[in-house]
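Just need the structure, nothing else, for what follows:
(one chain, ligands or ions: 1)
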Amino acid sequence: MKIGVLGTGSFAPEKILTNDDLAKMVDTNDEWISTRTGIKERRIASADEATSDLAYRAALNAIDNAGIDKNEIELVIVATMTSDHFTPSTAALVQDKLGIKAAAFDLSAACTGFIYAFTTGYSFIKAGIYKKVLVIGAETMSRVTDWTDRGTCILFGDGAGAVVLGETETGGFISSHLVADGSGACELLVPAGGSRTPASHETLDNKDVYLKMNGREIFKFAVKVFPETVENILEQANITADDIDLFVPHQANIRIIESISKRFKQPMEKFYVNLHKYGNTSGASVPLALDEANREGRLKKGDKVVIVGFGGGLTYGSILFEWSK
Ligand code: UT7
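Residues are numbered from 1 along each chain as shown. Here you go, the predicted structure:
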């Protein structure tokens with residue numbers, strides 16, 4: 001049985017925050033942000049938009065693109081690190097908004113979340129438990145951003161992307177590689193607000209309920225593990241980077257993507273990039289980029305596609321699949 005992507009969708013909030021806007025909020029400028037990250041602007045959710053709202057809109061687009069009846073979906077997985085609530089899951093809220101009967105759960109693997117969720121969705125279908133699975137990556141990073149920290153607030157943005165997975169006539173999933181190294185947990189975390197250190201006046205005053213990141217360490221980590229995970233999935237399939245038609249990497253920093261392009265001796269044209277428009281949307285970045293690549297006609301039937309994630313956990317991983325549409 002071949003299992004692949006039946007359709008893609010995405011959604012980004014209307015409000016645009018440019019580098020020049022940020023320069024009015026913290027000591028930074030467009031030149032620094034552009035040359036160090038490649039980011040020019042990002043989207044910010046409105047006060048009444050939460051992660052499930054963005055996820056729902058991306059899901060509708062993916063269902064439409066797949067050309068299926070929404071009631072065919074038997075499982076909804078939402079990869080997110082910015083869920084609406086501790087409980088219920090964001091996936092259950094999306095299931096309800098869609099008005100379908102389906103199992104639903106969230107998956108937490110930060111910026112690698114969509115890679116984990118895609119592999120999980122694929123495995124449910126492969127095991128014969130479900131036939132069609134909706135896999136979403138959705139984030140409102142603006143809600144965990146410290147808007148006084150220029151080291152992080154220039155990077156992140158809000159958005160959502162989704163795919164419908166199901167049986168395909170051709171192509172589909174080829175190989176996957178997922179890794180976690182919790183020894184690096186402290187390099188990218190929200191220190192308070194969880195069971196270790198519950199939210200309090202003190203944690204709020206210390207801004208410990210916002211994301212803290214050791215940018216330099218994460219950069220080094222990304223440049224090391226990205227080639228490792230891609231080599232793993234290529235080896236599993238006994239092919240080389242030359243055989244890949246499109247890489248859709250986590251959209252964290254253009255310098256990371258450029259270093260990988262050099263390392264694999266592949267032209268930058270083979271790497272889909274939209275981080276200049278959205279910044280780093282964590283778990284949403286890969287499906288948001290995949291959907292834009294699809295809608296721009298960058299994917300043809302039979303194309304070999306590699307998607308890659310890395311980030312909090314620390315986690316990293318990648319998937320190789322063949323475009324079936
Ligand atoms: O999605 C999860 C994965 N996350 C990532 O992949 C993020 C990976 N890390 C990065 O992308 C980069 O490390 C950053 C973009 C976060 C930072 O770039 P960098 O080249 O590593 O800069 P740096 O932290 O080494 O800082 C260089 C200088 C410092 O000044 P000094 O000490 O050299 O005087 C910083 O204080 O730039 C300064 N700086 C800034 N200047 C203007 C740091 N942030 C800013 C800023 N604007 N926003």
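
you'd agree I63 is in a strand?
No - using DSSP: H, G, I helix; E, B strand; the rest coil, the secondary structure at I63 is helix, not a strand.

what's the pLDDT at K325?
Listed pLDDT for K325 reads 84.

Which residue is the nearest non-sequential neighbour of it?
Nearest non-adjacent residue to K325, counting by C-beta to C-beta, 6 or more residues apart in numbering: K301, 6.2 Å away. (Each C-beta comes from the backbone N, C-alpha and C, glycine too.)

so how far is D149 from the one you found?
45 Å (C-beta to C-beta, to the nearest Å).

Give me the more crowded residue out of those two.
Neighbour count, other C-beta atoms under 10 Å: between K301 and D149, D149 has more, with 15 against 12.

any idea how far G161 is from S261?
22 Å.

mind listing the helices for this protein?
Applying DSSP state H to the chain gives helices spanning 19-23, 30-37, 51-66, 90-98, 113-126, 150-153, 201-205, 215-237, 254-263, 275-278, 285-295.

For L165, name its beta-bridge partners.
V5, V133 (DSSP bridges).

per-residue confidence at it?
Value listed for L165 in the pLDDT field: 98.

Can you give me every residue that contacts it?
Counting by C-beta atoms under 8 Å, 6 or more residues apart in numbering, L165 touches I3, G4, V5, L6, F118, G121, Y122, I125, K132, V133, L134, V135.

try S123
Counted by C-beta under 8 Å, 6+ apart, S123 has zero contacts.

re the thing from before, quick one, which of G161 and S261 is more surrounded?
G161 (33 against 18).

separation between that one and D291?
Counting by C-beta to C-beta, the gap from G161 to D291 is 5 Å.

Show me what from the stretch 1-150 of the chain comes close to the ligand.
Applying C-beta under 6 Å from any ligand atom, we find that the stretch 1-150 of the chain lies next to the ligand at T28, W32, R36, T37, C111, R150.

That should have said the stretch 151-300 of the chain, apologies.
So the stretch 151-300 of the chain meets the ligand at G151, I154, G215, R216, I218, F219, A222, A252, N253, N280, S282 (C-beta under 6 Å from any ligand atom).

In ChimeraX, select just the buried ones from the residues you listed.
Remark: buried members of these, expressed as a ChimeraX selection using 16 or more other C-beta atoms under 10 Å:
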select :154,215,218,219,222,252,253,280,282
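
and the two most separated of the residues of the stretch 151-300 of the chain next to the ligand?
Pairwise distances across those peak at 18.8 Å for R216 and S282 (criterion: C-beta to C-beta).

thinking again about what came up before, arrange the residues of the stretch 151-300 of the chain next to the ligand in a markdown table, one row each, with pLDDT as further columns.
Shown next, in a markdown table, are those (pLDDT from 0 to 100):
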| residue | pLDDT |
| --- | --- |
| G151 | 96 |
| I154 | 98 |
| G215 | 96 |
| R216 | 96 |
| I218 | 97 |
| F219 | 97 |
| A222 | 98 |
| A252 | 98 |
| N253 | 98 |
| N280 | 98 |
| S282 | 98 |
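
from the residues of the stretch 151-300 of the chain next to the ligand, which single one is nearest R143?
So of those, ranked by how close each gets to R143 (C-beta to C-beta), first place is S282, at 11.6 Å.

correct me, but that closest one touches A109?
No - using C-beta atoms under 8 Å, S282 makes no contact with A109, being 10.0 Å away.

which non-adjacent residue is nearest R295?
In space, R295 is closest to T8, 7.7 Å off (C-beta to C-beta, 6+ apart).

Do you know the pLDDT at the one you found?
So T8 comes in at 98 (pLDDT).

ok, now which ones touch the residue nearest to E292 when sequence neighbours are not counted?
In space, E292 comes closest to N274 once its chain neighbours are excluded; the distance is 5.5 Å by C-beta to C-beta, 6+ apart. Residues near N274 by C-beta under 8 Å, 6+ apart: Q251, L288, A289, E292.

Tally up the residues packed near the closest residue to S89 other than its chain neighbours, please.
In space, and not counting its chain neighbours, S89 is closest to D106: 4.2 Å by C-beta to C-beta, 6+ apart. A total of 25 residues lie near D106 under the criterion other C-beta under 10 Å.

Could you tell me how far D106 is located from the ligand?
18 Å (C-beta to the nearest ligand atom, to the nearest Å).

Just to check, that residue is in contact with P88?
No - D106 is beyond contact range of P88, at 9.1 Å (criterion: C-beta under 8 Å).

Quickly list what's touching both of G161 and D291.
T8, G9, S10, A58.

Filter those residues down to the buried ones.
T8, G9, S10, A58.

I figured the third one hits N294, correct?
No - the pair S10 / N294 is not scored as a contact, 9.3 Å apart, by C-beta under 8 Å.
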